[in-house]
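**Q** The following comprises the amino acid sequence and a computationally predicted model.
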There are 2 protein chains.
Amino acid sequence: PAPPSAKKSTPPSPSTATDLDHQSIAVAQGLYTISPLTPGSVFFLPHGTRIFNKLLAFMRKQYSLYGYEEVISPIIYKKTLWEQSGHWENYAEDMFSVTGRGAEGEAAKAKQEGRYLEDEEYGLKPMNCPGHCLIYASDDRSYRDLPIRYADFSPLHRNEASGALQGLTRVRRFHQDDAHIFCTPAQITSEIADTLRFVHAVFTVFQLPSYELFLSTRPEKYIGELAEWEQAEGALKEALNTTGREWAVKEGDGAFYGPKIDIVLKDAAGRRHQTATIQLDFQLPHRFNLKYRDAGGEIQAPVIVHRAILGSVERTMAILMEHTAGKWPFWLSPRQATVVPATTAPEVIAYAEAVQRRLSGVTNTLTTATEPPIPILEMATRTFFVDVDASEGKTLGKRVREAQKRRVNFTLVVGQKEMENGSVAVRSRDGKQLGEKTVEEVYQMFLELEKTYQ
Amino acid sequence: PAPPSAKKSTPPSPSTATDLDHQSIAVAQGLYTISPLTPGSVFFLPHGTRIFNKLLAFMRKQYSLYGYEEVISPIIYKKTLWEQSGHWENYAEDMFSVTGRGAEGEAAKAKQEGRYLEDEEYGLKPMNCPGHCLIYASDDRSYRDLPIRYADFSPLHRNEASGALQGLTRVRRFHQDDAHIFCTPAQITSEIADTLRFVHAVFTVFQLPSYELFLSTRPEKYIGELAEWEQAEGALKEALNTTGREWAVKEGDGAFYGPKIDIVLKDAAGRRHQTATIQLDFQLPHRFNLKYRDAGGEIQAPVIVHRAILGSVERTMAILMEHTAGKWPFWLSPRQATVVPATTAPEVIAYAEAVQRRLSGVTNTLTTATEPPIPILEMATRTFFVDVDASEGKTLGKRVREAQKRRVNFTLVVGQKEMENGSVAVRSRDGKQLGEKTVEEVYQMFLELEKTYQ
Ligand SMILES: [Zn+2]
Ligand SMILES: [Zn+2]
């Protein structure tokens, strides 16, 4: 099993580690909070959850394009599973163990009665692979069914030392855009090539086009056949060549159970982050006795590819925060627009609220507040994160400046004139005046920005 | 804290408990699987995950309409929290306990070195309320901030006796469409009225319009002031009256910490299921010392409303399965259409695949397979679950019958003629011939069905 690292970013250089590190940005934007009652597990506040959910929705959307099937696998598994996977032997110190307290009582009672109950010691999962192997093994598989690509966003727990915990980059509870591809040896090249294409598409959307590719090859100590390794490494090289990018070899740096490809991206400040990993695995299929029937009717073992593109969703949020200095692109932003009434006239404030509802997507026309809202939204409705700042005792200028400080993408000022025109005065995050636009024009602009991932 | 029940359905009557109970339907449709390695935690297979995710997406969409803010709260919390919430005292037998094994080592090492480390015994959360209280308490709150409505879909664990586990209705790991409303006493009526309106809208979409409302009032043993109870019960009655429905009182049946409203729905077979619960809570705000500053600058305690509409997402799936006999409405269906080529001609099969891609939404025109697919999907793209059945050695008739057996909403037969016309021959799940339609007409039909929650 490949433990994709949740801790391999170079730390920010001292000069940037002030208000541009992700923890400061997250505090300024109210993205998450922490508690000593659960060290290393962050609480995503509403605005942080908006980003988190948008990242998942984005990956899910692409999964339909790249042929992944999402599954939801359990969080706890009995010790037996972790023994079978090898985690209990090699990884136990990093795992949380779980005990069914009621079940313990049951076990004790059963013992008294001379019955046997199996152990009730569980492990809190640090990765999804063993669970996905159980799903694969839950049915007969033919070569016609392969490749099977299971994606999973489950929460994972790793018991990192408390002294090492930090922000969103060194945590105990995290989520991955994790997936396991079960395929035949002959499918390795095309699966890896597709994965690399997927990686490129995602990094392009994030405007992180600068990344390096590394192939880690067979180490001295390895399992499996030499021929199997050579075929697999050949397949990975062929896939790497389809990218048209340069790539480097890390000789002998593969895991003992298979070669891998690491993707190291470079952010705006030149920091390198290892995010995506593509790890071949010859071992796990054997540990879980996974099979498929080939075209000739023979039983074969599939190859497993562990792959994550973002790696840790939490760490991706941190990287994007630092890369953009907290200026989220519109489509991913937790604060897409703020409507600021220019006066305290009740009708202007009511108009501001009507604008907020229309641009949020919860109404599809510019209706007054008195009309009862519709009882249900359609699934296809595009909603946006728009609020109103009508706080009393603050000048218009102060409210506009505060919106810019919160990194709101657009500030929409409305007064008597805009109310009469069904319009808003649009100002971008960097203070540029975009002029007066009708509310419908602004909604169309939002749709277009989202459509093009700006 | 209100433990919304995950186990209050009347069992199916013997006559229906055959191939129409949810476990048989789930097996026939490949929705989930289980393993003795984690009893009571189901593995949602791809088709089950589609339904699960659609239910969550549906609730999330409505949250933007009803003013809920989603949060993501941790899964494990130290014993201290559960002592504060009262769970450790009253609920411990139903909780899984968690130990940081590495941390234990750390604690032992620290002891040797004469340092003090706090306890590392955690509980796996059986409900979200204490975590939401920590989020509420993480900032100063004013009456202007209220109501605050935190929604959360976190996995929850309750250590039910292993003998009681069954399908999706009696489980150890489950998810709720959980939310907590923090409000002032004066806001109770409007919050409850809105929640009841939300309940009604959701049940209407699910075509479960038949439900009963119950108000459970102050029991003999209660905490808080009598006047507080009377005000709260009055507020609930007023909210119930806004529904225009009949409701009944369960005298003295409220929890000791607050009155509640139960919603009991009746499915197609006349079975009753308690799903939605709206529970007022005067106790938890005090246990967690929650505050807000009122208009006069005084410190007050908010009221907490625990509320879930579906209750357990897993149980909702089971109820809907039995209610519809596995015939999912199109918008919620994990198999919305199957394209069946009428011949084995390679060009017809290629056409079937092009139809599948277009109707799935991963291309926006009817393109041939040779064209390279686009690298990224737009967020607004509507995708549908469409597959192709070109299995060799099966007649057209057999493949059509099998699709109907899998409860696919539409079977789309394509032959030479349809290929030339850019069309498909449409057959509904109940075998009705809907005639020849262009692929674009079918995509528009899908959009319309989804839009109207059919
Ligand atoms: Zn893995
Ligand atoms: Zn609760």
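**A** Done, it's in. Ligands and ions are numbered 1, 2, ... in the order given.
**Q** residue contacts, A:V348?
**A** Counting by Cβ atoms under 8 Å, 6 or more residues apart in numbering or on different chains, A:V348 touches A:341-342, A:414-416, A:419. C-beta: built from backbone N, CA, C; applies to glycine.
**Q** Phi and psi next, for it.
**A** When read as degrees, to the nearest 10, the backbone of A:V348 gives phi -70, psi -40.
**Q** Using neighbour counts, trim the contacts of A:V348 to the buried set.
**A** For the contacts of A:V348, a burial check counting by 16 or more other Cβ atoms under 10 Å in any protein chain shown picks out A:341-342, A:414-415, A:419.
**Q** mind putting those in JSON lines, distance to B:L236, secondary structure and pLDDT included?
**A** Output for the buried ones among the contacts of A:V348, formatted as JSON lines (distance: Cβ to Cβ, whole Å; DSSP: H, G, I helix; E, B strand; the rest coil; pLDDT from 0 to 100):
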{"residue": "A:P341", "distance to B:L236": "35", "secondary structure": "strand", "pLDDT": "97"}
{"residue": "A:A342", "distance to B:L236": "41", "secondary structure": "coil", "pLDDT": "96"}
{"residue": "A:V414", "distance to B:L236": "38", "secondary structure": "strand", "pLDDT": "98"}
{"residue": "A:G415", "distance to B:L236": "42", "secondary structure": "coil", "pLDDT": "97"}
{"residue": "A:M419", "distance to B:L236": "39", "secondary structure": "helix", "pLDDT": "97"}
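**Q** could these be laid out in CSV, adding distance to B:R401?
**A** Shown next, in CSV, are the buried ones among the contacts of A:V348 (distance: Cβ to Cβ, whole Å):
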residue, distance to B:R401
A:P341, 63
A:A342, 66
A:V414, 60
A:G415, 66
A:M419, 61
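**Q** tell me which of the residues you listed is nearest to chain B?
**A** The shortest gap between chain B and any of those belongs to A:P341, at 16.0 Å (Cβ to the nearest Cβ).
**Q** Do I have it right that that closest one meets A:E392?
**A** No. Contact criterion Cβ atoms under 8 Å: A:P341 and A:E392 do not qualify, at 11.0 Å.
**Q** Leaving out the residues flanking it, which one is nearest to A:Y443?
**A** A:L359 (5.8 Å; Cβ to Cβ, 6 or more residues apart in numbering or on different chains).
**Q** Would you indicate which residues of stretch A:314-329 are buried?
**A** For stretch A:314-329, by 16+ other Cβ under 10 Å, it's A:314-324, A:326, A:328-329.
**Q** what's the nearest residue to A:Q187 if we skip its chain neighbours?
**A** A:P147 (5.4 Å).
**Q** Closest approach to chain B from the stretch 351-454 of chain A, which residue is it?
**A** Counting by Cβ to the nearest Cβ, the stretch 351-454 of chain A gets nearest chain B through A:P375, at 4.0 Å.
**Q** cool, the stretch 201-350 of chain A as well?
**A** For the stretch 201-350 of chain A, Cβ to the nearest Cβ, closest residue to chain B: A:A201, 4.0 Å.
**Q** any idea which element that residue lies in?
**A** helix A:188-205 (DSSP states H and E).
**Q** who does that helix touch, helix- and strand-wise?
**A** Under the contact definition 3 or more Cβ pairs under 8 Å, 6 or more residues apart in numbering or on different chains; DSSP states H and E, helix A:188-205 sits against helix A:46-66, strand A:173-183, helix A:226-242, strand A:260-266, strand A:272-281, strand A:303-312.
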